[in-house]
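Trainee: Here is a sequence with its predicted model. Questions after.
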Amino acid sequence: MTIDERIARNIIKAQIASDSGKDIENRTGAKNQVARGPERFGYDAKTYCILQALKLIRTNKNSMFNYYVTEKTADQNGYGSIIVYFDFNIDKKRYQISFHTPYNQVPDEMMKMCGTGRKTHWKKNVSSIESTKALVKKFNLQGQI
């Protein structure tokens, strides 16, 4: 398994966990026993998966993935949060996935990453779920996550 595939798996799992925490069924197209963990543990699994993806990107400069961890900012509901953006290109098309973590739930390891990565702004050109589906397809992970 390549580093980029490991990063993709963690991002996909984080999306599944995030949706599960909102009682949204897995929409990624990735299924099997491993997806059950993020589905079952929801938000608790989300942060762990995000951190795993960040660590892999930070230690592998040739990755297809970029990231940015914001300083404390207001989320879509006005609450203090950290937002982690992942962006990548597939077939010359740019995709983005973002995750909000309430400030009071940000682990120390993630807090130390605030302000790091390539500064990114949400482009709104493709949704996080569509971007996640593109990763599932690129790495042929249907039914394998």
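Mentor: Done, it's in. Residues are numbered from 1 along each chain as shown.
Trainee: pLDDT averaged over stretch 92-102 - what is it?
Mentor: Here stretch 92-102 scores 93 as its mean pLDDT.
Trainee: which element is Ile82 on?
Mentor: Assigned by DSSP states H and E, Ile82 belongs to strand 80-90.
Trainee: Output that strand in CSV with nothing but the alpha carbons.
Mentor: The C-alpha atoms that make up strand 80-90 are tabulated as CSV, following Å, rounded to 0.1, in the frame of the first residue of the first chain:
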residue,chain,number,x,y,z
GLY,A,80,-14.7,28.3,18.0
SER,A,81,-13.2,25.5,16.0
ILE,A,82,-10.1,24.3,14.2
ILE,A,83,-10.6,23.5,10.6
VAL,A,84,-8.4,21.0,8.8
TYR,A,85,-8.4,21.2,5.0
PHE,A,86,-7.1,18.5,2.7
ASP,A,87,-6.7,19.2,-1.0
PHE,A,88,-5.5,17.1,-3.9
ASN,A,89,-5.7,16.8,-7.6
ILE,A,90,-7.0,13.8,-9.6
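Trainee: And it, what does it pack against?
Mentor: helix 43-58, strand 65-69, strand 73-74, strand 93-102, helix 108-111, helix 128-138 (3 or more C-beta pairs under 8 Å, 6 or more residues apart in numbering; DSSP states H and E). Quick note: C-beta positions are derived from backbone N, CA and C, even for glycine.
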